[in-house]
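Undergrad: predicted model, plus sequence, below.
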There are 8 protein chains.
Amino acid sequence: EYANIDYEREERTGVPEVIYCAGKTAGQVRGIVQNMREHGQKHILGTRCSREKYEAAREVCPELEYDEMSQIMVYQPEPFPLNRGKILVACAGTSDLPVAREAAQTARFLGNEVEEVCDVGVAGIHRLFARLDIIESASVIVAVAGMEGALASVIGGLTDKPVIAVPTSVGYGANLGGMTALLAMLNSCASGTSVVNIDNGFGAGYMAHSINCLTGKREEDK
Amino acid sequence: EYANIDYEREERTGVPEVIYCAGKTAGQVRGIVQNMREHGQKHILGTRCSREKYEAAREVCPELEYDEMSQIMVYQPEPFPLNRGKILVACAGTSDLPVAREAAQTARFLGNEVEEVCDVGVAGIHRLFARLDIIESASVIVAVAGMEGALASVIGGLTDKPVIAVPTSVGYGANLGGMTALLAMLNSCASGTSVVNIDNGFGAGYMAHSINCLTGKREEDK
Amino acid sequence: EYANIDYEREERTGVPEVIYCAGKTAGQVRGIVQNMREHGQKHILGTRCSREKYEAAREVCPELEYDEMSQIMVYQPEPFPLNRGKILVACAGTSDLPVAREAAQTARFLGNEVEEVCDVGVAGIHRLFARLDIIESASVIVAVAGMEGALASVIGGLTDKPVIAVPTSVGYGANLGGMTALLAMLNSCASGTSVVNIDNGFGAGYMAHSINCLTGKREEDK
Amino acid sequence: EYANIDYEREERTGVPEVIYCAGKTAGQVRGIVQNMREHGQKHILGTRCSREKYEAAREVCPELEYDEMSQIMVYQPEPFPLNRGKILVACAGTSDLPVAREAAQTARFLGNEVEEVCDVGVAGIHRLFARLDIIESASVIVAVAGMEGALASVIGGLTDKPVIAVPTSVGYGANLGGMTALLAMLNSCASGTSVVNIDNGFGAGYMAHSINCLTGKREEDK
Amino acid sequence: EYANIDYEREERTGVPEVIYCAGKTAGQVRGIVQNMREHGQKHILGTRCSREKYEAAREVCPELEYDEMSQIMVYQPEPFPLNRGKILVACAGTSDLPVAREAAQTARFLGNEVEEVCDVGVAGIHRLFARLDIIESASVIVAVAGMEGALASVIGGLTDKPVIAVPTSVGYGANLGGMTALLAMLNSCASGTSVVNIDNGFGAGYMAHSINCLTGKREEDK
Amino acid sequence: EYANIDYEREERTGVPEVIYCAGKTAGQVRGIVQNMREHGQKHILGTRCSREKYEAAREVCPELEYDEMSQIMVYQPEPFPLNRGKILVACAGTSDLPVAREAAQTARFLGNEVEEVCDVGVAGIHRLFARLDIIESASVIVAVAGMEGALASVIGGLTDKPVIAVPTSVGYGANLGGMTALLAMLNSCASGTSVVNIDNGFGAGYMAHSINCLTGKREEDK
Amino acid sequence: EYANIDYEREERTGVPEVIYCAGKTAGQVRGIVQNMREHGQKHILGTRCSREKYEAAREVCPELEYDEMSQIMVYQPEPFPLNRGKILVACAGTSDLPVAREAAQTARFLGNEVEEVCDVGVAGIHRLFARLDIIESASVIVAVAGMEGALASVIGGLTDKPVIAVPTSVGYGANLGGMTALLAMLNSCASGTSVVNIDNGFGAGYMAHSINCLTGKREEDK
Amino acid sequence: EYANIDYEREERTGVPEVIYCAGKTAGQVRGIVQNMREHGQKHILGTRCSREKYEAAREVCPELEYDEMSQIMVYQPEPFPLNRGKILVACAGTSDLPVAREAAQTARFLGNEVEEVCDVGVAGIHRLFARLDIIESASVIVAVAGMEGALASVIGGLTDKPVIAVPTSVGYGANLGGMTALLAMLNSCASGTSVVNIDNGFGAGYMAHSINCLTGKREEDK
Ligand SMILES: Nc1ncnc2c1ncn2[C@@H]1O[C@H](COP(=O)(O)O)[C@@H](O)[C@H]1O
Ligand SMILES: Nc1ncnc2c1ncn2[C@@H]1O[C@H](COP(=O)(O)O)[C@@H](O)[C@H]1O
Ligand SMILES: Nc1ncnc2c1ncn2[C@@H]1O[C@H](COP(=O)(O)O)[C@@H](O)[C@H]1O
Ligand SMILES: Nc1ncnc2c1ncn2[C@@H]1O[C@H](COP(=O)(O)O)[C@@H](O)[C@H]1O
Ligand SMILES: [Mg+2]
Ligand SMILES: [Mg+2]
Ligand SMILES: [Mg+2]
Ligand SMILES: [Mg+2]
Ligand SMILES: [Mg+2]
Ligand SMILES: [Mg+2]
Ligand SMILES: [Mg+2]
Ligand SMILES: [Mg+2]
C-alpha cells in the first residue's frame, strides 16, 4: 500500500522503475524488491542505498550486489544489451568521486561501456589535456564538479560531443550546497552542455544512456 | 579589438562560433559579420538579434536572412548535412513560442529536421496525448515551458528518448523570472531529462543537435 | 504560564485549538492536554507529536490514540458529525506518505470521509489515470508531492473540484528543502489550485475540511 | 498555429479556457477570440488585458466588455448559473485594489455573488471588525494584501470559512516583489488558509468559485 | 590572547561588554569571566550560555546565577538603577518563549521593570485584546513571533509606543528559518516598529532598555 | 470607495493616517486629501509623492507644501507640540540623501527638532568622529546607509542612545537592491540598534519620533 | 551640503576621493568637481559618469577628459608616478569590455602600465593559451567574466601572480544579474584569487594598483 | 585512483598542491601524503584536517606537525624563503579566531612573517585604533569578520595597503551562514578590498602570500 510500482515503465521507456532508497525505510525497500521479484522483473537498480537497506533487501533477493562508494545495489542476471558508443565520466576532485561513480554504475547497469577519469579539475588543467584522447573517443561525456563547476565549460569547449554536467555539493560557504556549481553550469559559455540536479549522478548516468542509445546496440553491429 | 573570433571552433566542435548579439552594439555585430565573411566562414548564426542589428549586419552581408519571432539571423549558402534522426520541439503555451522557435531554428541551421508542437501544456493534457506519435518518431525532444514547467516531466515519463528541458521566464510573481520552472525541471521525477538556462532556446537547439549527431548523417545512408 | 489556550476557538471557527507539538517539551504537551481536559474539551488533536511526547500526554489522558506514520495523536470520545462530500488525498511517491497521512488523519478527525491514493506521480502518469473515478467522486482533492510537484497541475487540469496542493521536502539538491515544489505549485498553469506550506499536511487537511463543510452534514441529509 | 485552444475544458472542468493576454500580442489575442467565437464558445474571459489588446479583440467580437481597473474583458451573452453561496473579497490597502477587483470580476463571470471590502488592513484593525457581519455571511473569503500580508491571518483567525490568500507586490525594498507577503501567508498561524501566486487575482477568484460550487446552484433552490 | 575585552564600554555606552557564549569554548567563557572579575567589573551578563559553560564560569565566579529557559547567566551584586518606564514583552506562541525570556532577562539585568505576556498570537486575537491595558501602561513593547510574525503589526496598529519586533525561527518549511517573519516584520504596515535579527532576544531587550532610558531613572523621581 | 481612512488613528496612536502616494493615482491622492480636509483633519502628510500628485492634491488643499528631495507633502496649520529630545539623522553618502531627508522631514512634521549630518560613511571615518558632539547631544539617532551599511554599527558602538538603522538601495550588483545593507544592519555587532525596511526613511522618522516622545514635550518644561 | 569631501584621503591612502557619479545629479557632480578644484586637488577621477554629467562637470573644469566605453572622466595635469610592475586586464567576451576598460582606465589613472586582452573566454581556451607570455610578464592580473565566470579559475591555475576576479552581469536567466559569476569566482578551485563586486571594474583596478604598489615606483629604479 | 596529484604545480605557481582534507577519508589523506613523500615533495600542507585524519597521515610521515585551532597539518623540513613584506591578520571577535589562524598558518607555511591581532571588531573601534602602527607596518592585511563584517571597510578606509576580506559564518539568523558578511564585504565603500569565500582562511592566507611575493625575498636583500 505504500508503493505502486510502474511495471509498464520498462516497456514504455526501456528501463524498469528504479528504487530511490533515500526516502524509504529498510522494510519498504525490502518489500519493493520482493514485490518486483514476484512480478518477474529481471532488472533491479537501487540508488542512495545504505548498506543497512541493502542487507534488508538481500534477505529476499540474495543475488543483489552492492557498491559502497556509489551506494548502488544491482540485481541483473541478464544484463541489458550494450550500446555501441562509449560514455566518459570525468570528475574534478577526489570528493566528487561518489557522485561520479553513481553516474558510471547507473550507465553500466543500463548497458553501456563507461570510462572514468578522476581529479582533472581546472586548477591543474594540463591533467585534463593529458586525457584528450579519451574525450575524443566517447559518444557522451558526463562532467562532475563541485565548487565553481568550471570543468563542464572547459570540456564543453574542447569537444563536439554532448556534455551532461553534474554539479556536486562539494565545497563550503558560498557554494550554497551545490547551487553555485549548478548555476555556473547552466550559464556555461560552451554550447552542447545541459545540466542535472545537484549530486544527481543517477540522473546523469541515465541521461547519458538515453543519449548513447542513439548509437545503436553493439550486437546489432554484427 | 573588441572581438577575438574562434575560427578553429568549427574544426574543433563541428560548429562555428555563434554571435550572441544581445550584449553587442549594432556596429560590433556588423563588424564581426564582416570579419567572419573576410575569413571565408560559410556559416553565420546570430541569436538575440534585434531587427536593427540585423539591418546593420546586412549592409556587409546582404544574403543574411532574419526570423522575427526567434530573433535569429542566418547566412548559410551551403547548409550543413542533415542528421538522420528527427528533433521535436514541444512548447507549453503561446507565450513560450519565441523560445521554442529559437531552439527549432538553431537546430535547423545546424542540420536537423525539426518538428514543432505548440500549446500542449499540462492544464489540458489530452492535447499532448494527441501527439504521442510525433513524440515516438523523434530522436530527441526539446520541451519548452514556463510557469511550473511540468511539461518536461510529463513528456519525460512518456518516452525513452532524451529530453532537453528549457524553462522560460513566462509567468509572474513567484515564477521568479523563470527560476521556478528551472528548479522544477531540475527536480523532475522522470529520468532522462536534463536542463539548460532560462529562455535558452539556442542552447537547447544546439544540445539537441549535438545529441542527434549520434544518429549519423542522412547522406551517409545511401 | 507557557500557554494561553484559546477555548473559544471551537465556537468561533468550529474547530478546537490544535496542539502543534514540535516546538514544545513533553512536559508542556502533557500540561496542555491536562488543561484542556480540565476545561472539558471533547476534542483533542496533537500534530508533529513524537511517540515520546504522546507517552507523556497519555499519562494524563489515557484514551489518547496515536498514529505513527502521521505523528498525530487524537482524543475524541464523540466524533464530529460527518460532512456530506468526500475528500481525496493523492500523493506522488512513497516518501510523501507521512505528509499525505497527516492530511488524511486531520480531515478524518474533523469529520470527513477520506480516500487515499499513493504513488501516482507523473513519471508514470497512467497510474493516475487509472484512478480518475476516485477523482470524480471527491468534493475536494489534496495533492501531495515533492521534487517538482507536477502532480498538482496534472490533477488540477483533469477536474473541476478545488485542489489543495501540498509541497513536500522530499528530494535533494535543487529541491531547496521543498521550496521548488512550493514555487512550482504556486505557478500551476491549471486553475482551481491553491497551496499550503511545505510538509503542511495538517493545514491541507484542515483547509479541505473547511471547504468540504460547504457540502453540508450527512446527518442533515435525512 | 500559435495557439491550440482546449475546447473540451469547459466540459472537463466546467469553465472554458481563459485567455491570459499578458504574454500575447494584440494580434494573437484577437485571433484567439475570433477562433473561439467561430467554435461557438459562449463564454470568453480575457485577463491581464491592456485596453489596446481589448480594442483589437473587439474588432472581431463587438459585444466584449472591459473593466479598466481589473484589466479584464468579458463576453458572456448567457451568464453561468449563480452559485448559492456568497464570496467576499477583502483587501488591505488602496494599492491592492486592482488585484482584488481581478478576483471579484473573475468570480462574478463564473457565476457568483461577490461582495468587496476595501482598505481594511491590520494597521487599523477596527475597520475590519466593523465588517464582521459580511465575513459571517460569506461562504468563501478572498483576502488580498501586500507588504507583510497579515490580513489573511487575522481574517483566518476570525472565521470558520475557507480563506484564499492573495499576496500582492504592493510595497518596496524587503517586500521582494511580493515574496514576503507570499511567504508570510504560507506560514499563517491561522488554519483554513491557502495561498495563490503573487498578484494572482484571477487564480483566487477561480479557486473561490470552484469552492463555492459546493454550495449548489441558486436556481436549483427552487 | 583570544579576547580583547572592551573595558571602557560601560563608560561609553552605559553597559559593560556582554559575553556571547555561543561561539566560545567553556574554557574561553571561564577565562573571560575571570578576567572581568580581576578588572573589577561589577556587572557580568552571558547570553546563549549552555549549562555546561555556566558551570565552568561558576568555578571562577560562584555568585553567577543561571536561567535555563533564556540560557542567560548573570552576576550583578549591585544592580543598575531602575528606569522609570515599564517594558512589555509579548510573544505569539509557546515555542517563542525562550526568545521572549532572553529579551525580558536582558532588560531586567540592565535596570528595567519588565512584564511578560505569552501566547497571544493573532490566530486568537481576542487574547491580545484582553491585555490592552498592559500595552497601554508600557513605555516600550517587544513583540516576539515566528511563522508569519503578524503580532508585531497588530500591536503596532494598536499603540503609539515604540515596538521592537523580534522574529523567531519557530515554524518549518517556507518559514525559511525565521527569514519569513523577519521580512514580514520589516514590511509592517503599522508605523512605529523596527526589527532586530532572528531569535535575537538579547538585542531586543537591549534596544528596549536603551529606549526606556529616555524616561529617566526612578530614583531621580524623588 | 477606494479608501477607508482611519480617522481614529490620531486618537489611538497620536499620529493621523499618512498617505503613501506611491501606489495611488493622482486622482486618488487628491480625493483622499479632500476627504481628510472635509473630516476636519488638521495634519496631512503624504510620502513618496511625485510633484504631479502634489499638484493634483493642491487643487483641493492650496496650503499643502512640498519638498522635492524627500518627495514629501505636508499640510499642518497647527504644528504638533515639540518633543524635548533632539533627533540626529546621519547618512553615509550623497546618494543616501533622499532617504535621510524623508526621515528628517517626517520627524519634523511629527514635532521634533532634527539635525542632519551628511556623507560621513566609514570610508573616511574621521568625518564621523568630527561630529561626535552632535551624536552625544541627540536622544535618538537615525543612521542611513547603502552598500555595506557599516555606518550603523560604527555609530552604535560609539553611543548609548537608540539607533534606528535605515538600509538604502544605493549601490549595485551584490548590493541586491539594498538587501545587503539590510542584512548587515540586522547583524550589527553593536547593541542598541534596530532596523526598518530598505529606503524607508518615513518609517525611521516615525520610529524615532515615537521613541523621542518618551523625553516629554518641551512646552511641558515650563 | 550634499557632500563632505574627504580631502585627507590622498594623504591617508595615497589616492584622492573618487566621484561615484551614478547616484548623483549632473549638478551635484559639477559642484563636487568645482569644490575639488577650489581645494587645489590635482587628481580627479569620476566613474559611472554619463556623457551628460561629464558635460556639466567640464563647464567648471575644461581639462576633464572622457572615455565613452568605461564611462570614466579624468583630470590629471600631473600624473601619478608609475609603478614598476605591469597589470594585465583579461576579459572573457566582447560584452564584458566596458567593465574591463573601467578597471584598466582606473589603474592607468593611478599610475600603472596596463595591458588588455579581450575575448579569451574558456569556450575557446586556446585563445587564452596563445597569450601565456603576457600573463607571465604581469605582476597582477584582473580577470573579467560574466556567465559562469570560469576564466578566473583557469587563469588562476596557470599563474603564481595574484588574480583579482571581476564578475559581470553579462548573461541572462540563471546568471541572476551576475550573482552566478560572483559565487563561482568565490568558489574558485584555483588559489590566489579574490573577488570584487559585480561589474566593479573600478574596484578591481584600484585593488590591482594597491597590490602593484608593492613592486615599487619606476622612477625609483634609477 | 582516487587522486591525480598535480606534481608540476609547485613549478607552475611556486606552491605545491595543498590537501583539502574535509571531503576525504582518513585513508585517502594518508594515501595522498604517502604518495607525495614517495614523489619527493618537500612541502606538504593539509587544511580542514581533523585530528583523526592527521593521526592517520602521521603513520606514513611522522614529521607532520598539527595545529588544533586552525586544523592545519604541515610537513616542511626546508621552509620556503621569507618574503620581505609583513602580513597582518586582524579578526573581529573571539569566534572568528579559527579562520584567522588558518590564514596566518597558511601564510607562514608559504614563507611570510605574520602578525595577528584579535578581537578588534567595530563595536569597540578604539581597540582597532590602538593598533594603527601594526596596520601601517604591514604590506598586506587580512581582515576576518562575521556578523555584518564591517571590520574590512573600516580597515580599508584607514590604509593604502591591499586588504583581503574573509567573511566568517559566525553569527545566527539573518547572517545566513556567512552570506551577509560576504555580501557586505563585497559592497565595501572603502576601495582596495577584495574578498574570498566564507570561512576561507586558507584562500586569504594564500592570496596574501601571492601579493606579498611582490615585495621580494628577504634573503635577496643582502
Ligand atoms: N538517485 C536518484 N536521484 C534522483 N531520482 C532518482 C534516483 N534514484 C531513482 N530516482 C527516480 O525516482 C523514482 C522513484 O521514486 P519513488 O516512486 O519514490 O520510488 C524512479 O523512477 C527514478 O526515476
Ligand atoms: N491572470 C492570470 N494569472 C494566471 N493564470 C491565468 C491568468 N489568466 C489566465 N490564466 C491561465 O492561463 C492559461 C492560458 O495560458 P496560455 O495557453 O498561454 O494562453 C489558462 O488556461 C488559464 O488557466
Ligand atoms: N513612505 C512610506 N513607506 C512605508 N509605509 C508608508 C509610507 N508612507 C506611509 N506609509 C504607511 O502606509 C499606510 C497607508 O497605506 P494605504 O492604506 O495604502 O494608504 C499608512 O498608514 C502609513 O503607515
Ligand atoms: N564605480 C564604482 N564602484 C564602486 N565604488 C565606487 C565607484 N566609483 C567610486 N566608488 C567609491 O565610492 C565612493 C564615493 O561615494 P560617495 O561619497 O557617495 O561619492 C568613493 O570613495 C569610491 O571609493
Ligand atoms: Mg586535486
Ligand atoms: Mg514510485
Ligand atoms: Mg489605508
Ligand atoms: Mg497557542
Ligand atoms: Mg563621499
Ligand atoms: Mg567570443
Ligand atoms: Mg594560481
Ligand atoms: Mg569581543
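TA: Received, thanks. Ligands and ions are numbered 1, 2, ... in the order given.
Undergrad: for the rest of this, base every contact and every neighbour count on C-alpha atoms.
TA: Fine.
Undergrad: phi, psi for residue A:72 please.
TA: Dihedral pair for residue A:72: phi -110, psi 140, per degrees, to the nearest 10.
Undergrad: next up, the contacts around the residue nearest to it when sequence neighbours are not counted.
TA: Distance criterion C-alpha to C-alpha, 6 or more residues apart in numbering or on different chains; nearest residue to residue A:72, sequence neighbours excluded, is residue A:47 at 4.7 Å. Each residue near residue A:47 by C-alpha atoms under 8 Å, 6 or more residues apart in numbering or on different chains is listed here: A:18-22, A:71-73, A:202.
Undergrad: got a pLDDT number for residue A:47?
TA: According to the model's per-residue confidence, residue A:47 sits at a pLDDT of 97.
Undergrad: hmm, residue A:150 is touching residue A:184, no?
TA: Yes. The criterion here is C-alpha atoms under 8 Å, and residue A:150 meets it with residue A:184 at 7.5 Å.
Undergrad: those two: which has the busier surroundings?
TA: When residue A:150 and residue A:184 are compared for neighbours, residue A:150 comes out ahead with 35 against 32, by other C-alpha atoms under 10 Å in any protein chain shown.
Undergrad: now do the same contact list for the more buried one.
TA: Applying C-alpha under 8 Å, 6+ apart, one finds that residue A:150 lies in contact with A:121-122, A:181, A:184-185, G:148, G:150, G:153.
Undergrad: wait, which of the residues you listed is closest to chain E?
TA: Proximity of the contacts of residue A:150 to chain E, judged by C-alpha to the nearest C-alpha, is greatest for residue A:181, which lies at 22.1 Å.
Undergrad: and the pLDDT for that closest one?
TA: On the pLDDT scale, residue A:181 is placed at 97.
Undergrad: what sits against it?
TA: Counting by C-alpha under 8 Å, 6+ apart, residue A:181 touches A:145-150, A:167-168, A:175, G:184.
Undergrad: of these, buried ones?
TA: Neighbour counting over the contacts of residue A:181 (16 or more other C-alpha atoms under 10 Å in any protein chain shown) leaves A:145-150, A:167-168, A:175, G:184 as the buried ones.
Undergrad: can you put these in a markdown table and add secondary structure, pLDDT and distance to residue G:213?
TA: Formatted as a markdown table, the entries for the buried ones among the contacts of residue A:181 read as follows, by DSSP: H, G, I helix; E, B strand; the rest coil; pLDDT from 0 to 100; distance: C-alpha to C-alpha, whole Å:
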| residue | secondary structure | pLDDT | distance to residue G:213 |
| --- | --- | --- | --- |
| A:145 | strand | 97 | 37 |
| A:146 | coil | 96 | 35 |
| A:147 | coil | 94 | 32 |
| A:148 | coil | 90 | 30 |
| A:149 | coil | 94 | 33 |
| A:150 | helix | 94 | 32 |
| A:167 | strand | 98 | 39 |
| A:168 | coil | 98 | 39 |
| A:175 | helix | 97 | 33 |
| G:184 | helix | 97 | 28 |
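Undergrad: isn't residue A:94 right next to residue A:118, touching?
TA: Yes. Applying C-alpha under 8 Å as the test, residue A:94 and residue A:118 come out as touching, 7.0 Å apart.
Undergrad: which positions within the worst-scoring helix or strand of chain A on mean pLDDT qualify as buried?
TA: Between all helices and strands in chain A, the lowest mean by mean pLDDT, DSSP states H and E belongs to helix A:9-13, at a mean of 75. Of the residues in helix A:9-13, those buried under the neighbour-count criterion (16+ other C-alpha under 10 Å) are A:9, A:13.
Undergrad: run the chain-centre distance for stretch A:125-138.
TA: Per C-alpha atoms, centre = their mean, to the nearest Å, the displacement of stretch A:125-138 from the mean C-alpha position of its chain is 20 Å.
Undergrad: brain fart, stretch A:17-33
TA: Stretch A:17-33 sits 18 Å away from the centroid of its parent chain (C-alpha atoms, centre = their mean).
Undergrad: check whether that stretch contacts chain B.
TA: No. Shown here: stretch A:17-33 not in contact with chain B (C-alpha under 8 Å from any C-alpha of the partner chain), separated by at least 9.5 Å.
Undergrad: with stretch A:88-107 instead?
TA: No. Under the criterion of C-alpha under 8 Å from any C-alpha, stretch A:88-107 makes no contact with chain B; the nearest approach is 11.7 Å.
Undergrad: scan the contacts of residue A:47 and report the most crowded one.
TA: Across the contacts of residue A:47, the neighbour count under other C-alpha under 10 Å reaches its highest value at residue A:202, namely 29 neighbours.
Undergrad: and the host helix or strand of that residue, which residues are buried?
TA: Here residue A:202 is covered by helix A:201-212, with elements defined by DSSP states H and E. Across helix A:201-212, burial judged by 16+ other C-alpha under 10 Å covers A:201-212.
Undergrad: ditto for stretch A:56-73
TA: By neighbour count on 16+ other C-alpha under 10 Å, the buried set for stretch A:56-73 is A:56-58, A:60-61, A:64, A:66-67, A:70-73.
Undergrad: so what's the residue count around whatever residue of chain A ends up closest to ligand 11?
TA: Scanning chain A for proximity to ligand 11 using C-alpha to the ion identifies residue A:123 as nearest, at 7.8 Å. When neighbours are defined as other C-alpha under 10 Å, residue A:123 has 23 of them.
Undergrad: great, nothing more from me.
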